[in-house]
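**Student:** What shape does this take:
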Amino acid sequence: MTVDNATAKTKFIYELGKLLPHFDSDNQHFRCIAHILNLGAQDLLNNLALNIETDSQEQEQQCEDEEEQVKEYVPNISDSNPRHKSQTFHVTMWGQQLKSESLRKFEELYKEYKNLHAVPGSPGLPRHDNEVCECDEDEDALADQESRVVQTNSGALRRLNLLEQHARETNVEINGIPEHKPENHVSVFKQLSSAVSRPIADTNVLFCTRVRKMDDSSERSCAIVVKLPSTEIRDEILAAVAKFNKATPSEKLHSGHLGYGGKTSPIFVSEHLAPYYKALHARTRHVARDKDYKYVWIRNGRIFVRKNDQSPAKQIKSYENLNNL
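**Tutor:** Take a look at the predicted model:
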């Protein structure tokens, strides 16, 4: 049970534990995590504000000290009163001497630099080999760390795709059924199941709806996704469709079998794949066609290919597997 952090709620949980013997008031009492995080964030912000205020005061004190030092060495020349002319003259002379001394030091350093590089076989400036080695080591460490991060992200993405596929394991996807508004998707699916001699009850259709197309520019109708109570019923529907198409190869399942008039369109029933595996399946079919693979099929969310009737089946888990076909 989750409640806020008020004392009254703690008392309530304690009394509730007395009334309900199976309720553990110590281990089943979850306090409001949002309130706890809020208190922690406020404390953190208060500390940051205190540090910022302290730093600002130190910087202001440092600026004041520097101004006092400047006033000791440089007379105030902002006053245009004639009595400060002598001070102004001395400040100007002091600036010119400082400029001359700086230029002289710079010329000496520049001449020394030119002489150092003019000597044949001179080693020049020191190379700091130790620093170069340390930079190379840091670069290798960063490359290793990047590689580990990429592997970790790839593993997490792979597990996420598997979890998403697992959530769809009892679903079937139907493509090719014309769209009409209004329409009852459950009735359409029941007509399909009756057409392939596998009638299904309303109670076995947990959810049924059309889903958006991956390519909005496509002229094909939106697919219908049906959620069934178990993988056994899903496999029975898929097997019935395959048996129907095999028995009537010239009249495979199409919209006319469901009572739609006009031009008929083929209807395809398959397992409902997650977006990653759906794109991988499409790419697998393209590669299999180019490399003369005879069979491509899906079983429990996994993609398989087979070169011919005598060759073994190969599972396609990722795009890298397609390079080995």
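**Student:** Okay, now stretch 164-173: how far is its last residue from its first?
**Tutor:** Taking Cα to Cα, to the nearest Å, the first and last residues of stretch 164-173 lie 15 Å apart.
**Student:** Spell out the secondary structure type for the nearest residue to Ser270 once chain neighbours are set aside.
**Tutor:** For Ser270, ignoring the flanking residues on the chain, the nearest one in space by Cβ to Cβ, 6 or more residues apart in numbering is Glu173 at 5.5 Å. Backbone N, C-alpha and C define where each C-beta goes, glycine included. At Glu173 the chain is in strand, as set by DSSP: H, G, I helix; E, B strand; the rest coil.
**Student:** beta partners of Glu173?
**Tutor:** Val225, Ser270 (DSSP bridges).
**Student:** I'd say it and Lys227 touch.
**Tutor:** No - judged on Cβ atoms under 8 Å, Glu173 makes no contact with Lys227 at a distance of 10.7 Å.
**Student:** How is this structure divided into domains?
**Tutor:** 2-64, 168-272, 274-325 (automatic domain parsing).
**Student:** Of those domains, give the one that comes closest to Gln151.
**Tutor:** Distance to Gln151, taken as Cβ to Cβ, is lowest for domain 274-325 among the domains of the chain, at 13.5 Å.
**Student:** Give me the distance between the two termini of that closest one.
**Tutor:** 23 Å.
**Student:** One more: stretch 312-325?
**Tutor:** 12 Å.
**Student:** List the buried residues for that stretch?
**Tutor:** Across stretch 312-325, burial judged by 16 or more other Cβ atoms under 10 Å covers 316, 321-322.
**Student:** Please apply the same query to stretch 297-316.
**Tutor:** Applying 16+ other Cβ under 10 Å to stretch 297-316 flags 298, 301, 303, 305-307, 316 as buried.
**Student:** Could you do stretch 284-300 as well?
**Tutor:** 284, 287-288, 293, 296, 298.
**Student:** Which members of these occur in helices, if any?
**Tutor:** Mapping those onto helices (DSSP state H) picks out 284, 287-288.
**Student:** Report the rounded mean pLDDT for stretch 248-267.
**Tutor:** Regarding stretch 248-267, the rounded mean pLDDT is 91.
**Student:** quick one on the thing from earlier: considering the buried residues of stretch 284-300, which is situated nearest to Pro249?
**Tutor:** Once Cβ to Cβ is applied, the member of the buried residues of stretch 284-300 that ends up nearest Pro249 is Val296, at 18.4 Å.
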